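Enquirer: build me a structure from this.
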Amino acid sequence: MIGDLFGQLAAALLGGWIADGFIGRSRANAAKRRLFLCGLRVLSGRQAGLSREWLAGEWRIRPGRLSLDGVDVPISAIVAGSRRHATLGEIVGGGDTVIVTVRTDTAELEWSMLRRFDGLAIRALSVPEVAEEPTLQ
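Expert: From the prediction side, this is the model:
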């Protein structure tokens, strides 16, 4: 009985470890293609294709632009000092998630991403950091 319990626990842990390794490698390979598991939502202003609800998926990141399934968002800047940890309802992909505020010409958005890839994603976006200013209405 204890042996069965130990065997089930070991199988669950080992299976989780293998799955985490596979998923981690898969996400790392996607990051090399500039595809990142992210989410975007509007904080203030208006942005075509987005709302106040998270639009999450594997976003393609190019300099100054985020794209997902026909939604193309031109990003002009990252708000300096806006990086924060996600709350439970904002977590992307079940991993440690961070959120930064970004700007377009018409809106201020929140951009969520896995913490382990945030440096790569921000570098791939290649936009300047700007001082925090009042939000768009």
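
Enquirer: give the contact list for the residue nearest the centre of the chain.
Expert: In the chain, the residue lying closest to the centroid (CA atoms, centre = their mean) is Met113, at 1.8 Å. Listed by CB atoms under 8 Å, 6 or more residues apart in numbering, the contact partners of Met113 are Phe36, Leu37, Cys38, Gly39, Val92, Thr97, Val98, Ile99, Ala121. C-beta coordinates here come from the backbone N, C-alpha and C atoms, glycine included.

Enquirer: what's the closest of those residues to Val127?
Expert: Minimum distance to Val127 across the contacts of Met113 is 11.5 Å, recorded for Ala121 (CB to CB).

Enquirer: can you classify the closest one as helix, strand or coil?
Expert: Reduced to three states with DSSP: H, G, I helix; E, B strand; the rest coil, the structure at Ala121 is helix.

Enquirer: which residues in the protein form strands?
Expert: 35-45, 55-62, 65-68, 71-74, 77-79, 84-85, 97-103, 107-114, 129-130 (DSSP state E).

Enquirer: before we move on, the earlier item: restricted to buried residues, select the contacts of Met113 in PyMOL.
Expert: Typed into PyMOL, the line below selects the buried ones among these, using 16 or more other CB atoms under 10 Å:
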select buried, resi 36+37+38+39+92+97+98+99+121
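
Enquirer: for the contacts of Met113, which one is nearest Val73?
Expert: Cys38 (10.7 Å).

Enquirer: tell me how far that closest one lies from Phe117.
Expert: 9 Å (CB to CB, to the nearest Å).
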